[in-house]
Each structure stands twice: as structure tokens, then as C-alpha cells.
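Asker: Pasted the sequence and its predicted model underneath.
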Amino acid sequence: CKIRFLTEEEQVEVLETLGRGHITINFNETDQPVEWYESQFSGIWIGTYKNGRDDSILHTVEVAKYPVVAGAYIEDMELAEEDLQSWIDAAGL
């Protein structure tokens, strides 16, 4: 399978066709912050990765419930559950 990158004109056409929905996710805790927005079609996400100068360096289209990078890792969720339980126990709830 050969990967072919879209021309600028093709990118514009794809983005115009997909449109923009109502949900936006920003992830800024890396050297390359990213913003995703859901297209007008549920489950199709457009991502824009940026460099330190805030220049767009990569655009992606992802088909998923939400962008994979934006999801919590299981290990982090398990630690958060333990922390929350400790807080509940300390509060006597």
C-alpha cells in the first residue's frame, strides 16, 4: 500500500466536504499541540498538529468515537480511581 499525500487543493476540498460539527478538543500538553474538531459527520475527526511557533505542521482525519490521543490511558484511569477513593475515604463520604 503506497501512501500518497493530498495536494493543497485536495485538502481544501476534503475539509469543505467534511464540514465542521459542534465539538472541539484541544490538547496542549506536548511540544506539538493539537486541535481536533468533529466534522459534520459524527465520528470523523479532523486534527491539526502545530509546532512551537503555532504553525500547522500536520493535518489528520480520524474515524473513531474520539481521537485516540485524546483518550485516557487505562493506567491513568486506575490511578485516578485510587486517588478519588482515597479522597472519598479521607472526606468520610
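Answerer: Arrived safely. Predicted, not measured: the structure shown is a model, and the values here were computed from it. Numbering: from 1, shown residues only.
Asker: After the helix or strand of the chain with the lowest mean pLDDT, which helix or strand is next?
Answerer: Ranked by mean pLDDT, DSSP states H and E, the weakest helix or strand in the chain is strand 56-63, scoring a mean of 91. Remark: after strand 56-63, the chain's next helix or strand is helix 74-91, criterion DSSP states H and E.
Asker: Please work out which residues outside that following helix touch it.
Answerer: For helix 74-91, contacts defined as Cβ atoms under 8 Å, 6 or more residues apart in numbering pick out A72. In short, each C-beta sits where N, CA and C put it, glycine included.
Asker: For the least confident helix or strand of the chain, which strands pair with it and how are they oriented?
Answerer: Here strand 56-63 has these sheet partners by DSSP bridges: strand 44-50 (antiparallel).
Asker: can you give me the offset of the strand it pairs with from its chain's centre?
Answerer: Distance of strand 44-50 from its chain centroid, counting by Cα atoms, centre = their mean, to the nearest Å, is 7 Å.
Asker: Could you tell me which residues within stretch 69-77 count as buried?
Answerer: Across stretch 69-77, burial judged by 16 or more other Cβ atoms under 10 Å covers no residue at all.
Asker: coming back round to it: in PDB, list the C-alpha atoms belonging to the least confident helix or strand of the chain.
Answerer: Taking C-alpha atoms only, strand 56-63 is exported to PDB below (Å, rounded to 0.1, in the frame of the first residue of the first chain):
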ATOM      1  CA  SER A  56       0.300  23.900  11.300                       C
ATOM      2  CA  ILE A  57       2.600  21.000  10.500                       C
ATOM      3  CA  LEU A  58       0.200  18.100  10.000                       C
ATOM      4  CA  HIS A  59      -3.500  17.600   9.300                       C
ATOM      5  CA  THR A  60      -5.200  14.300  10.000                       C
ATOM      6  CA  VAL A  61      -8.600  12.700   9.500                       C
ATOM      7  CA  GLU A  62      -9.500  10.000  12.000                       C
ATOM      8  CA  VAL A  63     -12.600   7.900  12.200                       C
END
